[in-house]
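> Quick one, structure for this:
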Amino acid sequence: MMEWTHPTSRCAECGAESPLIIGHLGVCARCIRTRFDRVRPRLLAAHAETRRAFGLPEAPPRATDGVPCPLCDRSCVIGAGERGYCGLRVNQDGHLKHLAGTPARGVLHWYRDPLPTNCVADWVCAGYRQSSGLRHSRRYHNLAVFYSSCCFNCVYCQNWHFRGVDPATSEGLSAHELAACANDRTFCVCYFGGDPASQMPHALASARYLAERGVVVCWETAGSQHPKLMNQAVRLSLQTGGTVKFDLKALDEGLHIALTGASNRRTLENFTRAAARFDERPDPPLVVASTLLVPGYVTPDEVGRIAHFIADINPHIPYALLGFAPNFYVPDLPCTSARHAEEARAAAQSAGLKNVRIGNRHLLSHDY
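Below is the predicted model of the structure:
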């Protein structure tokens, strides 16, 4: 077997060199954990650069005389001539104008995904059961709804191309028009992206239409939306047999900021509130958690901490560990190694979780 070789990057704080350091950030995970206040300016500058490349606000606006937007935890206060962090809201004559994300207009694309589909919760969700024989699986599909906006700025985003969408000029769909795309073979709908958090009024309106037609409602989100909106989403999934899939990227707040440009406080609060309802309908599970195993950063130790957080709420919540592939501003890390994935699963199980699965196994490598 050929020896693995990979370019190394240098940590600007401690000088360490490793192939498991994200070159664009220029800071190793150890310094993020132990010297976050020192490295934070560098990390935020790296995120700002990725935002400038797409004409997006470099940071959430904080205008002293601006218009507040309460829809997510970025808590933008938008001044004259500014846009909110997600790019969908503007200050028009002192009033909040929505370019998209209302029941009248969402910026998205959708497609029919035959069951069984590549779902984060694919081994436990209602769609998996349906495709396993409860109905004639080849006849039914998932209505996959990809929102072209997000409240986070993940430097490794796998779906970063949505950033090229202009919310002011791109073709949109109303919530009613989106719901009308379902037919008698639509078993479930899943809202993802980007992230539905940035367009929740549109997503919730269309979900209500679909729920009335007997469609199972699911969500895949980083959980940054306002708690009232998140509660409505959880309620719709509970009522229809769907699942809310939370992307828990990191438990350590500094690490979360380094990878996404945003705090995880709202995410953890929303997850805690939703997960507390898990026993109201454990099968199929109301809540599923997932974590992307970013080499060098989301280590087995970090997964163990996330798993302890989940298990303290309910140890029966399913947890998916996902393989990472280099993308966007992180072309320099290897794919997650099989050893990393197995050690992460062992850490999650040791933390008390009863149902842990390694997903995206086809991406796993033997590079480190």
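
> Tell me which residues touch Ala29, please.
Going by CB atoms under 8 Å, 6 or more residues apart in numbering, Ala29 touches Leu255, Gly296, Tyr297, Thr299. For the C-beta atoms, the positions are set from N, CA and C on the backbone; glycine is no exception.

> The first one is in what secondary structure piece?
Looking back up the chat, that one is Leu255. If you go by DSSP states H and E, Leu255 is part of helix 253-260.

> Can you name every helix or strand that that helix contacts?
helix 29-34, helix 36-52 (3 or more CB pairs under 8 Å, 6 or more residues apart in numbering; DSSP states H and E).

> Out of the ones you listed, which one sits most buried?
Highest mean neighbour count among the helices and strands packed on helix 253-260 (mean count of other CB atoms under 10 Å): helix 29-34, with a mean of 20.

> chain center to that helix: distance?
23 Å (CA atoms, centre = their mean, to the nearest Å).

> now stretch 290-305
Distance, centroid of stretch 290-305 to centroid of chain: 15 Å (CA atoms, centre = their mean).

> measure that stretch end to end?
13 Å (CA to CA, to the nearest Å).

> Could I get the buried residue list for that stretch?
290-300, 302-304 (16 or more other CB atoms under 10 Å).

> got it, and stretch 109-123?
Neighbour counts over stretch 109-123 (16+ other CB under 10 Å) mark Trp110, Asp113, Leu115, Pro116, Thr117, Cys119, Val120, Ala121, Asp122 as buried.

> Surely the first one is within a strand?
Yes: the assignment for Trp110 (DSSP: H, G, I helix; E, B strand; the rest coil) places it in a strand.

> That one and Pro7: what is the separation?
39 Å (CB to CB, to the nearest Å).

> pLDDT weak spots in the stretch 1-150 of the chain?
Along the stretch 1-150 of the chain, the model assigns pLDDT under 70 to residues 1-5, 132-138.

> cutoff 90 now
Residue ranges of the stretch 1-150 of the chain with pLDDT under 90: 1-7, 116-118, 126-139.

> Strands of that one, start to end?
Taking DSSP state E, counting those that start in this stretch, the strands of the stretch 1-150 of the chain run over residues 9-10, 17-18, 67-68, 77-78, 89-92, 95-98, 108-114, 141-147.

> Give me whichever of those strands is most buried.
Taking mean count of other CB under 10 Å, strand 141-147 is the most buried of the strands of the stretch 1-150 of the chain, at a mean of 24.

> on contacts alone, who are the packing partners of it?
Strand 141-147 packs on strand 108-114, strand 186-193, helix 200-212, going by 3+ CB pairs under 8 Å, 6+ apart.

> got the buried residues for the very next helix or strand once past that strand?
Next helix or strand after strand 141-147 toward the C-terminus (DSSP H and E): helix 175-179. Using 16+ other CB under 10 Å as the test for burial, helix 175-179 gives Ala175, Leu178, Ala179.

> list the helices and strands helix 175-179 packs on?
helix 200-212.

> what mean pLDDT does the helix it packs on have?
Helix 200-212 carries an average pLDDT of 98.

> And for stretch 162-179?
Rounded mean pLDDT across stretch 162-179 is 96.

> Skipping adjacent residues, who's closest to the one residue sitting closest to the centre of the chain in space?
Using CA atoms, centre = their mean, the residue of the chain that lies closest to the mean C-alpha position is Ala222, 3.7 Å off. Closest residue to Ala222 in three dimensions, ignoring its sequence neighbours and counting by CB to CB, 6 or more residues apart in numbering: Asp247, at 4.7 Å.

> for Glu220, what are its contacts?
Val120, Cys190, Tyr191, Phe192, Pro196, Lys245, Asp247.

> ditto for His6
Pro19, Asp332, Pro334, Asp367.

> any idea how far the last one lies from Ala289?
Read it as Asp367. 26 Å.

> Neighbour count: those two, which is higher?
Neighbour totals were compared for Asp367 and Ala289, and Ala289 leads with 28 against 18 (other CB atoms under 10 Å).

> The more buried one is in what secondary structure piece?
strand 287-293.

> Please export the C-alpha coordinates of stretch 67-75 as PDB.
Coordinates of each C-alpha in stretch 67-75 appear next as PDB, following Å, rounded to 0.1, in the frame of the first residue of the first chain:
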ATOM      1  CA  VAL A  67     -34.600  47.400  12.000                       C
ATOM      2  CA  PRO A  68     -34.300  44.100  14.100                       C
ATOM      3  CA  CYS A  69     -34.900  40.700  12.500                       C
ATOM      4  CA  PRO A  70     -36.000  38.100  15.100                       C
ATOM      5  CA  LEU A  71     -36.200  35.000  12.900                       C
ATOM      6  CA  CYS A  72     -32.900  33.400  14.000                       C
ATOM      7  CA  ASP A  73     -30.100  33.700  16.500                       C
ATOM      8  CA  ARG A  74     -28.000  36.000  14.400                       C
ATOM      9  CA  SER A  75     -30.300  38.700  15.700                       C
END
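
> what's next to that stretch, contact-wise?
60, 76-78, 84-86, 89, 91, 94-96, 101, 151, 197-198, 200-201, 224-226, 229, 262-263, 265-267.

> thinking again about what came up before, pretty sure the residue nearest to Ala222 sits against Thr221.
Yes: with contact defined as CB atoms under 8 Å, Asp247 counts as touching Thr221 (6.8 Å).
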